[in-house]
Each structure stands twice: as structure tokens, then as C-alpha cells.
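> got a sequence here, can you model it:
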Amino acid sequence: MNYFLTTRKPLLIYKLYLNSFKKNFEIKYKNKKVSFLHLRNRKLPSFKYFIFLLSILVTGKIFDKKTRANISYNDVILGNHVISYVYRNFKSYDSKIYFYFYLIKYFYLAGCYIKTSLTYLKKYNFNCVYLDHLMYLNGIYYQIFAKNKKIIYSNNYPKSAYMIDFNKKKKIYYDFSNSSRLGYLKKNLTNAQEKKIEKFKKKYLKRNSKFISHMKNTKYYRLDNKSKLRFNDYQYIIFPHSFTDAQMVTGFSGFESMVDWLIFTLEFMKKNNKKAIIKAHPNFFKKDFGIISLWDKKIFENIKKRYENEKNFFFINKSVENLEVLKQLNKNCVGLTHHGTVILEMALHNFKTISSSKCPWDSRYKVSNNWSNVIEYKRLLSKKWDALNFHDKDDLNKTYYQYFLDNFSFNGKYSIHEIMKRSLNKSITSLKNNPKIFSTDASIKDISSQEKIFNKYFPVKKQEKFIKIFSNNIEEL
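Sure, this is the predicted structure:
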């Protein structure tokens, strides 16, 4: 029996994803039919891993914040995946006891993931595997299966769905973050592509939130006139990220979490008497993001309380569109973000920015002043405005094109959401707001009842249409 290994069961919306990936594999490789095999994690790691876990505890490696993200076992990086998983829970920020409990627990589970991978490689015949949420512990599966030359399917922002055949010497993708990062285009855009992107940028300048999927349907508020009058004096504007979701999705930059990055930045500003606006991310106030938004908002409010008496800091603690704020800034104000798309927006308004090299696009694109570690970041923050670079126009256009107009991007013609939209003849907004369609909760007891509801809102013929289109439009990296 030849299997298609998967971390998700083929139920509800994942039934469509997985059957599309499976069909793509069967067509592309002219294989006989493959059957789904759901990955079940082992509950005990190997004895050798127990010894390893004990050693990183005794030597204190697990407590060293500067290096523990790079902790590895048998050439498999564990630290960044473990720590990202730890920070998914608000309790990890609220209590050191909880943090270290989860840290040790998830390092233990990492060993279980290693043993599970090796067991499946030994016991089962499979060439391909679907893995979701690679920034968390599934990233361990990813590394091991990649090095064992398996074909991996996944879907991670800012790309949509993609597959990688590791029989074809794809070592660059051993680092999971490179698989979802937008690659570097060596060739120039064609004249037709240039015209298309220039037209798009004009629309983006007017309201960028319309084109970013997770920003659509966000409720925005206006700034009061008193705030607007103050903004012209500030030297920096800081754009925080989610503090709990996917902390190292773009890789390790020297900061374990976005809280660490933000605190470091604010302490530098405070010490050097710099004036900065700190603008809350609109998603902190988005109710349909559930518990993540509540946690993010609470963490942001805790940071605000810590610094709100600093006369040089101004916190925007409500959902405000970037454009409204940017219009009030002086042109020498520098934008600071770890890896946000606000870099692209500020570039269109001709602002300089500073960001990590661990952005959703290739670091060779000169769209911001990049740093790759804490020392480089501090050096850039210390530079005067004149010493910082503006973006490169050609690189900015390429980044915009790949991010928003490429057929296989999260926003592209062949993205999961766009194909679903065409299959159901419904808008993206109505689809995303319908839990009957986007339900992924396969753990509920009465799954057959849930499947009936799903089939009602996504009829079988429409499902077949989706699978037919999607299976033929999965990007190969």
C-alpha cells in the first residue's frame, strides 16, 4: 500500500485541500492511487532523546534566551519551533512558571515528533506528505521528511498552496521559512507587468486594507484632532505584530517573540531620548480572530501601561488605518517593523523604514534597511535619518507583484480562497465569515452531522469543481 501521509484528517474543509493535493500527486507522478494515512504522534521519545533533554536542562542551554531558539538534535532544529508553540499561550507571558512548564513540555514533545517521523519512515511506504502550520512542532516533521527526500505539500502565508519535491536537490528549502517566503526575481518585470503593478499601487495608496486578506472587514476609527497635531514632531513610528500567533514564522532574527522586539525597541528609544509613536495592530481589536486578539490586546495594554508615562512615547490604542496616520507624519519619520507589509505601504509614501531581514520576501530586495541580528538592529537604530536608505523602486515593484499579483500568492488567481470563490460564486468576505464552510474542527464528537452541514453549504458538485481546479494549480517550488 502506498500512502499519502498527512497531519490533518480529510474532513470538512481539509477534505477538499487533501483530495486536491492527493490528485495533484497522482497526476504529476503517474502513480497508482494513494491512500490517506493520518500521522499519529508517539507519546514517548527515544531513550537517547531523554538523555539529550536532560543535558540541555542540566547545562542551562534551555534557559539561555540568546541561543535556545537554535537548539538542535541530530541536525534537526527544535528551538524555534518549540518556542513559537510556547508563545501561542498568553499564560507564557503572564507567568514564568507557565512559560518554563510549557518550554520543557514542548521540548519533550519535540522528541516525540522525531520518534514519530522515524517510525513512519521505517514502517510505512509513502512518497508524499501534507504538513500544516510549519512554524510550530510540525516543522520538525518537515525537516526530517525533507532530508529523507519526500514530497511535501503545504499552504502557508504569503503563498497559497505549494509542493516541494526534495528528490530534486532543494536544500534551500530545508529551512521551512524559505518555502513560504517570496523568492527573488532576477529578471526584470515585463512592460505589461510594470503597467499592471503601477495601476495596482494607485489603488493600494488609497486604501491598503482592502487588499490584505486579514485586514478586510476590520472596523476602523478616526484619530482625534489633538493627536494629529502632535504627530509631526515624532522621529519614529513603531508597528507591533501579533504577540501570540506564529512568532518565528519568518525565522529567528535574534528575538524570540514580538514582545522582546518591541520592548528592546522602546528601551532603546527611551535611553536615547527618541520620540516615537506606537501604533496598535488593527487585528488586536478584531473579534472574529477570537482568543488571539484578546491575548494580543491584553499584552499590548500591559506594555502601554509600562511606558505610558514616557513623554516621548505616544500610543495609538485603537484600530486606525495606517494611511490616516502616515498623512500626519513629517517626511523624516522612520517606520519600524519586524516583518510587516507596512514596509511596502510606507515605501509608496516615500518614507524610510527599518526591518528584520526575516520578512515574507527575499532579503535581497532593497525595500527597507534590513538587520539580521540584534547588534545590526541597534546599529541601524543609532543611524541618523540621512544615513538610512530609501527603497529601490524596481525591487519594490517586484515585491508588490509577487505579494499581490502573482497567480500563486495568497492573493492570487490560484489561491485557495480565490478558487473557492469561483467554485461557489460567492465573495471572499461571505466565505470567510461563514463558519459552516471554513470549519476545521474535526475533533467534535458528531463529525457526520458536521459533514452534512458542510455539504449543505458547499455542495458535492461544487466540491468536485474546487478539487479539479485546485489540483491543477498548485505551485511547485
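> tell me how far stretch 39-55 lies from the chain's centre.
28 Å (Cα atoms, centre = their mean, to the nearest Å).
> residues in contact with Met346?
The contact partners of Met346, by Cβ atoms under 8 Å, 6 or more residues apart in numbering, come to Leu326, Gly335, Lys352, Thr353. No exception for glycine: its C-beta is placed from N, CA and C like everyone else's.
> and these, which is the shakiest by pLDDT?
The lowest pLDDT within the contacts of Met346 belongs to Leu326, which sits at 89.
> what's the neighbour count on it?
Leu326 is flanked by 18 other residues according to other Cβ atoms under 10 Å.
> Asn312 touches Met269, doesn't it?
Yes. With contact defined as Cβ atoms under 8 Å, Asn312 reaches Met269; the gap is 6.9 Å.
> what do the two both touch?
Common neighbours of Asn312 and Met269, using Cβ under 8 Å, 6+ apart, are Lys275, Ala276.
> between the two, who's got more neighbours?
For Asn312 versus Met269, the count of surrounding residues by other Cβ under 10 Å is larger for Met269: 22 against 16.
> listing request: residues of the stretch 101-250 of the chain with sub-threshold pLDDT.
Along the stretch 101-250 of the chain, the model assigns pLDDT under 70 to residues 207-217, 225-229, 246-247.
> just the strands from it, written as ranges.
For the stretch 101-250 of the chain, the strands defined by DSSP state E, counting those that start in this stretch occupy 126-130, 151-155, 161-165, 236-238.
> quick one: buried residues of the first one?
By that I understand strand 126-130. Phe126, Asn127, Cys128, Val129, Tyr130 (16 or more other Cβ atoms under 10 Å).
> nearest to Ser35, of those?
For those, the minimum distance to Ser35 (Cβ to Cβ) is 9.6 Å, reached by Phe126.
> quick one: whichever helix in the chain runs longest to chain centroid distance?
Counting residues, the longest helix found in the chain (DSSP state H) is helix 96-123. Taking Cα atoms, centre = their mean, one finds helix 96-123 lying 22 Å from the centre of the chain it belongs to.
> returning to that earlier point: nearest to Ser20, of the strands of the stretch 101-250 of the chain?
Of all the strands of the stretch 101-250 of the chain, it is strand 161-165 that lies closest to Ser20, at 7.7 Å by Cβ to Cβ.
> in TSV, list the strands of the stretch 101-250 of the chain along with distance to Ser415.
As requested, those are arranged in TSV below (distance: least, Cβ to Cβ, whole Å):
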stretch	distance to Ser415
strand 126-130	17
strand 151-155	9
strand 161-165	8
strand 236-238	30
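> go through those strands and name the closest to Ser357.
Closest among these, using Cβ to Cβ: strand 236-238, at 18.1 Å.
> strands paired with that closest one, and their directions?
According to DSSP bridges, strand 236-238 forms sheet pairs with strand 276-279 (parallel), strand 334-336 (parallel).
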